[in-house]
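Visitor: just to be clear, the model below is a prediction. Sequence and coordinates:
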Amino acid sequence: MAVSTRPARGPRAAVREDGRGRRPWWHYAILACALLVLAGLVWGGYAIWFALTHVRASYARVTGLVVNVAAKSDTRVRKVLVRTGDEVTEGQIVAALDQADLEAEVERTEATLEAREVELARSERELVLTISETAASIEEAEAQLSAAGARLRQAEAEMKMEAEQQPDEVRQASADLAAAKSRLEDAKARRRRAEKLRSEGAVSEQSLDAARTAQQTAEAGVESAEAALEVARARDYRGQIQQQAVATRQAEELQARAGLKSAETRGRRVALLEQQVLARRAAVAEVEAELVAARVRLSDAALRSPVTGVVVRGFGHSVKDGEVVEKGQPIVTVLATDVPFWISASVSELYAASVREGQPVLIKIESLNRAWLRTRWLHGRVEKVGAATEFQAAEGSPWIIQQIPLKITFDPEGEPVKHGATCRVWIAVQQ
């Protein structure tokens with residue numbers, strides 16, 4: 001490669017010859033200022049863009065599931081078994097209440113239940129016996145009434161038949177007797193006339209014998225007619241007997257009807273006994289429910305943690321051993337560790353139309369940013385937007401503004417997030 005041997009000319013050549021090729025300091029100052037201005041412009045543009053596309057939430061705090069373990073009635077605390085900071089599991093006993101009154105209540109309710117069951121068993125036996133007796137009585141009374149009705153109809157039929165035959169027989173027998181007596185008088189008159197004529201010799205002995213025979217025959221006819229009349233009169237007496245029999249059958253039917261009515265009255269007693277059994281069954285069910293409730297209260301005397309977590313208020317912080325507590329008063333407070341934390345926040349009602357469920361969220365938790373220039377951003381999303389507004393005081397302002405509550409879920413990404421920690425939240429309202 002050829003090298004020029006031409007000598008350099010001008011000030012630059014002089015500088016190169018002196019070995020000083022560096023720029024002046026003010027060149028670097030201008031460059032630094034330009035870079036700062038550019039960075040400021042970029043940062044300002046980003047800030048403006050961020051302000052236009054994000055909404056900052058207020059009153060943001062990390063929130064977890066906090067459960068208060070409390071008594072369900074006014075009672076005395078026998079012993080608190082956990083202290084603040086202890087870890088507990090779901091179902092673990094954390095406090096014991098006074099059980100003396102509850103045990104006495106269970107025993108008293110059991111005795112009452114036993115008495116009610118005895119009364120119910122007695123009523124059920126009486127009902128079964130009454131039903132069987134009533135059914136048998138009604139069946140027997142119906143059979144007796146049916147038989148009495150049949151006998152009455154038969155007696156009435158016989159009496160009617162005799163009543164139809166009786167007047168003709170008596171009248172005929174009376175007429176026959178009168179005719180027989182008339183013939184007897186004629187026969188006696190002919191015999192007397194024949195005896196007179198025989199004494200005068202006007203008739204023969206045979207004629208007199210014939211007259212006597214005719215009189216005897218007439219006397220026999222009278223006796224036969226009298227006997228027939230007696231038979232007819234006897235039949236008339238039989239009709240009277242049949243009338244008495246009909247009256248007797250009628251009385252039997254009335255008695256059978258009364259027996260059936262009495263049996264049906266027992267049936268109404270069955271209905272009353274059924275109502276009594278139902279009432280006593282209801283009483284037994286009521287006492288059983290009371291016993292279940294008493295046993296539940298007895299089991300509730302051992303207060304158990306409903307969740308797995310850490311005790312944040314235990315022995316000595318709220319209730320001490322032997323202290324009397326009211327219904328619902330917290331005895332132990334547990335923070336659940338198996339339920340993810342979320343962030344409770346709110347935004348002004350002015351942003352009600354912008355904030356929607358599912359929008360992404362940037363989260364800055366203050367306790368995670370203690371180091372200088374160290375910012376740890378977490379990501380989340382809007383889980384739920386409240387349906388009603390709340391009145392809250394604006395930060396640093398005496399004015400009362402309406403806020404919309406929010407629930408924000410986030411991923412702690414392994415960071416040691418604490419319940420109740422304050423944080424700053426920006427909601428991306430525009431993508």
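Guide: Okay, I see it. Numbers count the residues shown, from 1 in each chain.
Visitor: Ala121 in helix, strand or coil?
Guide: When states are read from DSSP: H, G, I helix; E, B strand; the rest coil, the local structure at Ala121 comes out as helix.
Visitor: quick one: Ala173 from Ser305, how far?
Guide: Distance, Ala173 to Ser305, using Cβ to Cβ, to the nearest Å: 117 Å. To be clear about C-beta, it is placed using only N, CA and C from the backbone, and glycine gets the same treatment.
Visitor: try Ala32
Guide: According to Cβ to Cβ, Ala32 stands 62 Å off from Ser305.
Visitor: can I assume Val62 sits in a helix?
Guide: No: under the criterion used here (three-state DSSP), Val62 is strand, not part of a helix.
Visitor: now do it against Trp26, distance only.
Guide: Relative to Trp26, Val62 is positioned 52 Å away (Cβ to Cβ).
Visitor: the chain: helices as residue ranges?
Guide: Listed from the start of the chain, the chain has helices (DSSP state H) covering 11-18, 25-53, 100-200, 205-299.
Visitor: tell me which of those lies nearest to Thr89.
Guide: Ranking those by proximity to Thr89 (Cβ to Cβ) places helix 205-299 first, at 18.0 Å.
Visitor: so how far is the closest one from its chain's centroid?
Guide: Taking the mean of its C-alpha atoms, helix 205-299 sits 53 Å from the chain's own mean (Cα atoms, centre = their mean, to the nearest Å).
Visitor: next one: stretch 342-355
Guide: 44 Å.
Visitor: tell me the mean pLDDT for it?
Guide: Mean pLDDT, taken over the full extent of stretch 342-355, equals 87.
Visitor: enumerate the positions of it that are buried.
Guide: Neighbour counts using 16 or more other Cβ atoms under 10 Å place 342-343, 345-348, 355 of stretch 342-355 among the buried residues.
Visitor: turn the residues you listed into TSV, including distance to Glu195.
Guide: Shown next, in TSV, are the buried residues of stretch 342-355 (distance: Cβ to Cβ, whole Å):
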residue	distance to Glu195
Trp342	156
Ile343	161
Ala345	161
Ser346	160
Val347	162
Ser348	164
Val355	160
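Visitor: any idea which of those residues is closest to Arg257?
Guide: For the buried residues of stretch 342-355, the residue nearest Arg257 by Cβ to Cβ is Trp342; the value is 84.1 Å.
Visitor: just checking, that closest one touches Pro412?
Guide: No: checked against Cβ atoms under 8 Å, the pair Trp342 and Pro412 is beyond contact range at 10.7 Å.
Visitor: for Ile363, which of the helices of the chain is the nearest?
Guide: Across those, Ile363 has its closest neighbour in helix 25-53 (14.6 Å, Cβ to Cβ).
Visitor: who are the contact partners of the residue nearest to Tyr59 when sequence neighbours are not counted?
Guide: Nearest non-adjacent residue to Tyr59, counting by Cβ to Cβ, 6 or more residues apart in numbering: Ser346, 5.3 Å away. The contact partners of Ser346, taken as Cβ atoms under 8 Å, 6 or more residues apart in numbering, are 57-59, 386, 390, 392, 403-406.
Visitor: Leu378 now?
Guide: For Leu378, the residues meeting the contact criterion (Cβ under 8 Å, 6+ apart) are 362-365, 410-413, 415.
Visitor: ok, of the residues you listed, which come out buried?
Guide: 362-365, 410.
Visitor: what is the nearest of those to Phe50?
Guide: For the buried ones among the contacts of Leu378, with Phe50 as the reference and Cβ to Cβ as the criterion, the closest is Leu362, at 9.3 Å.
Visitor: how far away is that closest one from His379?
Guide: Using Cβ to Cβ, one gets 7 Å for the distance from Leu362 to His379.
Visitor: got it, and Ala71?
Guide: Here Ala71 is placed at a distance of 42 Å from His379 (Cβ to Cβ).
Visitor: who's more crowded, these two?
Guide: Ala71 (24 against 11; other Cβ atoms under 10 Å).
Visitor: run a quick neighbour tally on the spatially closest residue to that one that is not a sequence neighbour.
Guide: Once flanking residues are discounted, Ala71 sits nearest to Val325: 5.4 Å by Cβ to Cβ, 6+ apart. Val325 is flanked by 19 other residues according to other Cβ under 10 Å.
Visitor: for Val325, name its beta-bridge partners.
Guide: Val325 has these beta-bridge partners by DSSP bridges: Thr75.
Visitor: that one is in contact with Arg78, isn't it?
Guide: No: contact criterion Cβ under 8 Å: Val325 and Arg78 do not qualify, at 11.1 Å.
Visitor: now do the shared contacts for the two.
Guide: With contacts taken as Cβ under 8 Å, 6+ apart, not a single residue reaches both Val325 and Arg78.
Visitor: thinking again about what came up before, got JSON lines for the contacts of Ser346, with pLDDT too?
Guide: What follows is the contacts of Ser346, written out as JSON lines (pLDDT from 0 to 100):
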{"residue": "Ala57", "pLDDT": "87"}
{"residue": "Ser58", "pLDDT": "84"}
{"residue": "Tyr59", "pLDDT": "86"}
{"residue": "Gly386", "pLDDT": "85"}
{"residue": "Glu390", "pLDDT": "74"}
{"residue": "Gln392", "pLDDT": "60"}
{"residue": "Gln403", "pLDDT": "86"}
{"residue": "Ile404", "pLDDT": "88"}
{"residue": "Pro405", "pLDDT": "90"}
{"residue": "Leu406", "pLDDT": "91"}
